[in-house]
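Enquirer: sequence and predicted model, in that order:
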Amino acid sequence: MTILVTGATGNIGRKVVDELVARGVTDIRALTTNPAKAALPSGVEAFSGFIGKPETLDGAFEGVTGMYLAPYEPTAAEVLRRAKDAGVQYVVATSGSAHWQALTDTILASGIDVTVLGPGEFMENFAGWAGQVATGVVREPYPDAGSAPISMDDIAAVAAALLAADDHAAHVGKVYELTGPSFLTRVEMAAQIGEGIGREVGFEQISREAAEEALRPEMGDMAGWYLDLQDASRRYRQEANSLVEELSGRPAMSLAQWAGRNRSLFAA
């Protein structure tokens, strides 16, 4: 009963591999574009291939019963077709929230037993605050904007728990909107990062124009999109839920805990 992990050296995929190993799964195949550099755990089979190029997947599904599918919309339908034809029985796929609906629809229409994980804002995105955190103040235009951010570790833990379970019937066809443990405003996010790294981090409201100007050198045209998402979150509040704990068996990590584990990202 082999489990195939696609994107196995990506941000979430590699964590899925590690979580499967931690759960005692011994037959893992990791799809990676560069097996020589993958540095996978002992006993994990590296398979050279990329879901963006389905023609590289010949043999990847042999003996596979379960699969973690990393999000890649352009070829998702073809990858799932190949998996189904090869006899893959169950897929856990990461998609996203509303703007990933097309990918979610493709996954659910695959004809395989599937569970879709739709996480919200990643805690890892706050590494982009490192420069501001170093000054002790985060400057953005919407202090009341917020979300219930989730760590990639927790997303991977849920994916691995579902794949490693003896029975997945209760989860087939479900789309789980995964969140962190609590809703946080941008002010509270800054404070939690400060708590985690052991330095006070405040928040200062600035104009939308000033924020976009500050972000543009690094983000380009995505700066406006990033701020639009924040603005939208003021009207469509993402409520926190307990799905991470229910599905993985362990509580979701708080932003303060995540920052503490990753304090090197915020080194002054």
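Expert: Thanks, I have it.

Enquirer: and the most centrally placed residue in the chain, what does it touch?
Expert: Central residue of the chain (CA atoms, centre = their mean): Met152, 4.6 Å from the mean position. Contacts for Met152 (CB atoms under 8 Å, 6 or more residues apart in numbering) come out as Asn11, Ile12, Lys15, Phe122, Met123, Glu124. No exception for glycine: its C-beta is placed from N, CA and C like everyone else's.

Enquirer: excluding its backbone neighbours, what's nearest it?
Expert: Ile12 (5.1 Å; CB to CB, 6 or more residues apart in numbering).

Enquirer: how many other residues sit next to the one you found?
Expert: By other CB atoms under 10 Å, the residues close to Ile12 number 23.

Enquirer: cool, and Leu178?
Expert: 22.

Enquirer: helix or strand for it, which one?
Expert: Using DSSP states H and E, Leu178 maps to neither a helix nor a strand.

Enquirer: distance of it from Leu103?
Expert: 16 Å (CB to CB, to the nearest Å).

Enquirer: about what we covered before: so how far is Leu80 from the residue nearest to Met152?
Expert: 18 Å.

Enquirer: and if you look at Val116?
Expert: In terms of CB to CB, Val116 sits 12 Å off from Leu80.

Enquirer: mind listing the shared neighbours of these two?
Expert: Joint contacts of Val116 and Leu80 (CB under 8 Å, 6+ apart) are Ile107.

Enquirer: the residue nearest to Met152 contacts Ala156, doesn't it?
Expert: Yes. Using CB atoms under 8 Å, Ile12 makes contact with Ala156 at a distance of 5.5 Å.

Enquirer: what sits closest to Ala30 if chain neighbours are left out?
Expert: Ala8 (3.4 Å).

Enquirer: tally of neighbours for that neighbour?
Expert: 26.

Enquirer: what of Gly131?
Expert: With other CB under 10 Å as criterion, Gly131 counts 11.

Enquirer: distance of it from Leu108?
Expert: In terms of CB to CB, Gly131 sits 40 Å off from Leu108.

Enquirer: what ranges do the strands span in this structure?
Expert: Per DSSP state E, the chain carries strands over the ranges 2-5, 28-32, 45-48, 64-69, 90-94, 113-117, 137-140, 146-147, 175-176, 184-185, 202-205.

Enquirer: packing partners of the last one?
Expert: Read that as strand 202-205. Using 3 or more CB pairs under 8 Å, 6 or more residues apart in numbering; DSSP states H and E, the elements in contact with strand 202-205 are strand 137-140, helix 186-197.

Enquirer: what is the end-to-end distance of stretch 164-184?
Expert: In terms of CA to CA, to the nearest Å, the two terminal residues of stretch 164-184 are separated by 32 Å.

Enquirer: OK, contacts around the nearest residue to Ala102 once chain neighbours are set aside?
Expert: Closest residue to Ala102 apart from its sequence neighbours, by CB to CB, 6+ apart: Glu73 at 6.4 Å. Glu73 is in contact with Trp100, Ala102, Leu103, Thr106, counting by CB under 8 Å, 6+ apart.

Enquirer: how about residues contacting stretch 214-231?
Expert: Gly128, Arg139, Glu140, Pro141, Tyr142, Ala145, Arg186, Arg208, Ala211, Glu212.

Enquirer: from the residues you listed, list just the buried residues.
Expert: Arg139, Glu140, Pro141, Tyr142, Ala145, Arg186, Ala211 (16 or more other CB atoms under 10 Å).

Enquirer: how about the fifth one: what's its closest non-neighbour residue?
Expert: Beyond its immediate neighbours in the sequence, the residue positioned closest to Ala145 (CB to CB, 6+ apart) is Gln230, lying 4.1 Å away.

Enquirer: tell me how many other residues crowd the one you found.
Expert: Quick note: Gln230 (other CB under 10 Å) scores 19 neighbours.

Enquirer: how about the helices in the stretch 51-200 of the chain?
Expert: 73-86, 101-108, 130-135, 152-164, 186-197 (DSSP state H, counting those that start in this stretch).

Enquirer: which of those has the lowest mean pLDDT?
Expert: Averaged per stretch, pLDDT over the helices of the stretch 51-200 of the chain is lowest on helix 101-108, reaching a mean of 90.
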